[in-house]
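Asks: give the three-dimensional model of this entry:
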Amino acid sequence: MKFTCLSKGGGFHFPPCHMLNFCGFRILFDCPVDLSALTIFSPVPTGFDSFPDEESCDFEFVTEKRQKVEKPLGANSLIRAEPWYKTVKSLHLWNISQIDVILISSPMGMLGLPFLTRMKGFSSKVYVTEASARLGQLMMDDLVSMHVEFRQFYGCEDSGFPQWLRHEELELLPPELREVVLGKDGTELGGWMPLYSAADVKDCMQKSHKLKYAEEVYYNGILAIKAFSSGLEIGSCNWIINAPKRDIVYISSSTFVSAHAMTFNYCALQGINTIIYSDFSSLRVMGDVEDENNYFPQTADKLSSLSNDCSSQELAESSLNMDEHLEEREKLGFICSCALECVKAGGSVLVPTNRLGTLLQLLEQISALLESSAMEVSIYIISSVADELLAFLNVIPEWLCKQRQERLFSGEQLFAHVELIRRKKLHVVPAVHSSKLLTNWQEPCIVFSPHWTMRFGPVVHLLRRWCGNPNSLLILEDGFDPKLALLPFEPIAMKVLQCVFPSGLKLQKVEPLIKTLLPKIVLFPEDLKPQISLSNAKSFSVFHYTEDDTLHVPCQKDSSVFEIATDLASQFHWKKLMQENFNISRLKGELSIDHGKYHLLVGKEQGSSSKHSSLLHWGSPDVQKLLAALSKMGINGSLEQGISDTESETVHVVHVQDYKGLIKVGTRSTVISAADESLASLIFEAVDSVLDGI
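Replies: The predicted structure is shown next:
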């Protein structure tokens, strides 16, 4: 088995990406896009602003100006062109036609899939859960819709290669932007691609096979594949792959407790031979970023740690004690209190988010807080796919956590947005210029809208409108550089709060989880080794992997399970081996693999397997035992040593009955020569009696 980490990702919006060569098949785990790289582009000007360089918005003019005067990083340094999108840096180096299976673990891990499915030669089988497929499709459709604004402003490229990607233009970029384009080692230029179209998204979805949780599918009859909930997002999952020689668990970013999605089903992962642990979220610094002017203080981390020798029962109890959920609720409560203060002061609140769970919880808590404060404040969701998204949430109870499902059984709504829309406290509109928004617009207000990179979508227009209001509030997600993201909107007077939301397992729970799953082999990130040491574990072996390196993992499964047809099993004729303490039988049939198992069936030309004569032998006969066996048959033999004609090896030569027969016993072969068939048959019986064979 060969395992290659293509990318360790960058948090919730940019999950890791891996390639696995397993049982002769090449499997790709997730196909994300690094959308945080969009911050190097300048957003399209709105009615509230213009380019800093008012003389021209032409990219060539700005380049010439940079050549004359080298300026520090500013809004005018950003690239003014239709954006390209940064995919996994080394994925383009792989032959796409040789990828057999693609497993998608979350909606975010699906955003780069149309880049592959539109390529010539693509023939991979794509597996994704039904919920992730639908949410991923909505996210891709929204991305395509928001990108249209750029294309309308800049027009189509004259050539297939944009000017800003040329070497001479990249040399003129500030170091901060050049590093985003090329990477720290200068090898990431090939990962940039133009965005796919709506037709590409549709084609991608048609090539995807949708699964339910725990539904088993088979690839080529050899790999048995199942998805189990990871708790991170609705539809997100971990994968189990069963094969005749090895069983594998792929653990993506997971959370034990979720306020909206089905919880992490770690019990289904127990007892699997090999674990691939790919949750890099522990690398990220927990806590919010604090800035003396724009950022609120971080909230405290109250997660209690687990002991290293935690049992399954202790792990189950700790995972359900709601500590992570309470921590998240406290953080969301702090955000809501900040939003309420801003609204009371006459400011508006802008939440650019693509986290479905965060949006749903903030809606519930903010609306409840406003109602308890007796404040009438309009809440808006502005997105081209908002209506479809909210409608989808009403029909997926099987993908939700137990608490949400209980609401359905008690006759309550699954989420608060249904009642808010009915009472006209929440307005869902497709765009900032829609007539529905213009007729219902009231300030101060609270707006949820894409995109979290603040480079396109409704958020650009609203941020331009409120960035100068010190009473307004902007709530940012983690996963990108806030200073670079806010560069086009400076000077900013509004308050800015950047929050780190749960994106995976806590450090304290990783080791107890792995020990509870009882694997034999664990593939673990080298980057997490200083924080989590698994080297002392005695029950399993640990292989550490790094980005862009291929790890070779030996197979520790010594045998395979066969299913043998009844008619074939009735033909068993056992023989006890002389040198081993077990019986053996010879069978003739057709070997096939189906549903991840070996099957031995009766062949079309089934030969007689009931013959007692031995047909296959192994080992080298002991010449003394051979002489004794010949003597019992009344055959005299004499022993001498000689040299092989072909190789300089010592052989034992047995002369039989006045040299009418000859037996040459070497280290690699035994040769029997006889004057007639009857003598040859007797010699063969003697050899058969001293060797193991069937």
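
Asks: wait, Gly457 sits on Val144?
Replies: No - using C-beta atoms under 8 Å, Gly457 is not in contact with Val144, being 11.7 Å away. Using the backbone N, CA and C atoms, a C-beta is placed for each residue, glycine as well.

Asks: comparing these two, which residue is more hemmed in?
Replies: Between Gly457 and Val144, Gly457 has the larger neighbour count (other C-beta atoms under 10 Å), namely 27 against 18.

Asks: what sits closest to Pro488 if chain neighbours are left out?
Replies: Leaving out its chain neighbours, the residue that sits closest to Pro488 by C-beta to C-beta, 6 or more residues apart in numbering is Ala75, at 4.9 Å.

Asks: how much space between the one you found and Ser42?
Replies: 7 Å (C-beta to C-beta, to the nearest Å).

Asks: could you list the domains of the chain?
Replies: Per automatic domain parsing, the structural domains of the chain span 562-601, 617-693.

Asks: count the residues that sit near Ile79.
Replies: Ile79 has 21 nearby residues by other C-beta under 10 Å.

Asks: go on, the one 3 residues further on?
Replies: Glu82 has 21 neighbouring residues, counting by other C-beta under 10 Å.

Asks: check which helix or strand covers it.
Replies: Glu82 belongs to no helix or strand when assigned by DSSP states H and E.

Asks: ok, now which ones touch it?
Replies: Residues near Glu82 by C-beta atoms under 8 Å, 6 or more residues apart in numbering: Phe150, Arg151, Tyr154, Glu157, Pro162, Pro194.

Asks: how far away is the first one from Ser254?
Replies: For Phe150, the distance to Ser254 under the criterion C-beta to C-beta works out to 35 Å.

Asks: how about the fifth one?
Replies: Note on Pro162: its distance to Ser254, by C-beta to C-beta, is 38 Å.

Asks: which one's more surrounded, these two?
Replies: It is Ser254, of Pro162 and Ser254, that has more neighbours when counted by other C-beta under 10 Å, with 28 against 19.

Asks: my reading is that Glu328 lies in a strand. Confirm?
Replies: No - Glu328: not assigned to a strand; according to DSSP: H, G, I helix; E, B strand; the rest coil it is helix.

Asks: thought it was touching Pro502?
Replies: Yes - between Glu328 and Pro502 there is a contact under C-beta under 8 Å: 5.8 Å.

Asks: between these two, tell me which one has more neighbours.
Replies: Set Glu328 next to Pro502 and count neighbours by other C-beta under 10 Å: Pro502 wins out with 24 against 21.

Asks: the more buried one against Thr255, yeah?
Replies: Yes - the pair Pro502 / Thr255 is scored as a contact, 5.4 Å apart, by C-beta under 8 Å.

Asks: all strands of the stretch 251-400 of the chain, in order?
Replies: Here the stretch 251-400 of the chain has its strands, by DSSP state E, counting those that start in this stretch, at 274-277, 349-351, 378-382.

Asks: Val201: which of the ones you listed is closest?
Replies: Each of these has some distance to Val201 by C-beta to C-beta; the shortest is strand 378-382, at 21.0 Å.

Asks: ok, the closest one: who's next to it in the sheet?
Replies: Sheet pairing for strand 378-382, assigned by DSSP bridges, gives strand 426-429 (parallel), strand 445-448 (parallel).

Asks: quick one: mean pLDDT for the first one?
Replies: Just to be clear, that refers to strand 426-429. Strand 426-429 shows an average pLDDT of 95 in the prediction.

Asks: coming back round to it: next step: the contacts of Glu82 restricted to helices.
Replies: Within the contacts of Glu82, residues falling in helices by DSSP state H are Phe150, Arg151, Tyr154.
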